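A.B. asks: From the sequence below, what's the structure:
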Amino acid sequence: MRRAPLRLLAPVLLFVALGGACDSKTASETASSTSGVEISSSLEGMETLPAHVRWLVTVTPEEEVRKVEFLVDGRRLWIDEDPPYSYGEEGAYLGTTRFYSEPGTSLHFTVRARLDDGQTRKEFVLAEVPRPIKSNKRAPVWGIWGRASPSYISNPPPPGELGPFTSNLNLHEHEFWVGRSIDHAYMYELWADERRFHIGLPIFVGSTTTAGGEQGWTFDGAQCPPTGSGATYKWSWMKGRLVGHFQGEEQFARYLVLEAEDEPCAARRRILEGIWEGLD
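C.D. replies: I've put the predicted structure just below:
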């Protein structure tokens, strides 16, 4: 069952759609196909996509289709093997600002139907995406021991030793990855100012049956409703444990402290909230 439209709790993540009709930037093509299968995308007619958009595909007749693939500039993001076909899990939205590079750049948003007879049917929309909100980029990779790391803080390991950590966090400028391990993690939109992390949509890669991967991390499913549950976390730095000496001076780790301020997703809060030590 499809869920209701997304309502993010962090309004800074919302953009105004500037879309307009542009038939010349929508194209369909077949690859070695004489089939009568027709394919269409919900992105048709858009010159500029909104920051969050449902990416739906209609294929007729459905009984000749084995699966539908969703690609951005040739990079495959998602595979749906069951109609009705859409990007991400049921009810999910595509966050488009993560694909932004520079003003005036258009991207190919391609849907590709693979048919039972081995042939394919493709359609693409050439469209721009909104500029993402400027975000403060933080040191990328962190580990956390336990939910709030009390034992780790009060009884730290010797200098030079890290872990063991029960969760991993990888921060990027406009998204973050988090999980109990890098073998089962989750990806979300992120915008950070000087005091808060604002979390947006879950980002899906792979398919409903197969986990996707990037840079050694594996992403499988969503902790929260696929339609997105926005959240806000306060962040701060904490002086960490002694890690060694440099030129006669003591060197201390710096911990990243995350405190939930507005978080409707309990599963995500259980992983995110706490005191993180940098692993880089």
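
A.B. asks: drop to CA atoms for contacts and neighbour counts, all remaining ones
C.D. replies: OK.

A.B. asks: doesn't Arg98 make contact with Ala51?
C.D. replies: No. The pair Ala51 and Arg98 fails to qualify as a contact (Cα atoms under 8 Å) at a distance of 9.0 Å.

A.B. asks: Please say which of these two ends up with more neighbours.
C.D. replies: Taking other Cα atoms under 10 Å, Ala51 and Arg98 do not tie; Ala51 has more neighbours (21 against 18).

A.B. asks: Run through who's touching stretch 173-192.
C.D. replies: Identification of contacts with stretch 173-192 by Cα atoms under 8 Å, 6 or more residues apart in numbering yields 13, 95, 98, 132-138, 166-171, 197-204, 216-223, 271-272.

A.B. asks: same thing with stretch 87-102?
C.D. replies: Contacts of stretch 87-102 (Cα under 8 Å, 6+ apart): 1-6, 49-56, 70, 78-80, 128-132, 174-175, 189, 201, 203-205, 207-208, 221, 226-228.

A.B. asks: Drop anything exposed from these.
C.D. replies: Buried subset of the contacts of stretch 87-102 (neighbour count, 16 or more other Cα atoms under 10 Å): 6, 49-56, 70, 78-80, 128-132, 174-175, 189, 201, 203-205, 207-208, 221, 226-228.

A.B. asks: Now, these that are in strands?
C.D. replies: Judged by DSSP state E, the subset of the buried ones among the contacts of stretch 87-102 located in strands is His52, Val53, Leu56, Phe70, Trp78, Ile79, Asp80, Glu175, Glu189, Leu201, Ile203, Ser207.

A.B. asks: Would you mind putting the residues you listed into TSV with distance to Ser86 and pLDDT alongside?
C.D. replies: Listed next are those as TSV, based on distance: Cα to Cα, whole Å; pLDDT from 0 to 100:
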residue	distance to Ser86	pLDDT
His52	14	96
Val53	11	97
Leu56	4	97
Phe70	8	98
Trp78	9	97
Ile79	9	97
Asp80	7	97
Glu175	22	93
Glu189	19	94
Leu201	16	93
Ile203	14	95
Ser207	11	95
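
A.B. asks: Closest one of those to Gly244?
C.D. replies: Glu175 (31.9 Å; Cα to Cα).

A.B. asks: Distance-wise, check the closest one relative to Gly230.
C.D. replies: Glu175 sits 13 Å away from Gly230, going by Cα to Cα, to the nearest Å.

A.B. asks: Likewise for Ile79?
C.D. replies: From Ile79 to Gly230 the distance is 25 Å (Cα to Cα).

A.B. asks: do the same with Asp117
C.D. replies: Taking Cα to Cα, one finds Asp117 at 42 Å from Gly230.

A.B. asks: One more: Ile133?
C.D. replies: Taking Cα to Cα, one finds Ile133 at 15 Å from Gly230.

A.B. asks: So for the two, which sits in the more crowded spot?
C.D. replies: Each of Ile133 and Gly230 has its neighbours counted (other Cα under 10 Å); Gly230 has more, 25 against 17.

A.B. asks: got a pLDDT number for that one?
C.D. replies: Note for Gly230: predicted pLDDT of 88.

A.B. asks: which residue ranges form the strands in the stretch 151-280 of the chain?
C.D. replies: Remark: strands assigned in the stretch 151-280 of the chain by DSSP state E, counting those that start in this stretch are 167-171, 175-181, 184-192, 196-203, 206-207, 212-214, 217-219, 231-246, 249-262, 274-278.

A.B. asks: May I see the buried residues of whichever helix in the chain runs longest?
C.D. replies: The helix that spans the most residues within the chain, counting by DSSP state H, is helix 266-272. For helix 266-272, the neighbour count (16+ other Cα under 10 Å) marks Arg268, Arg269, Ile271, Leu272 as buried.
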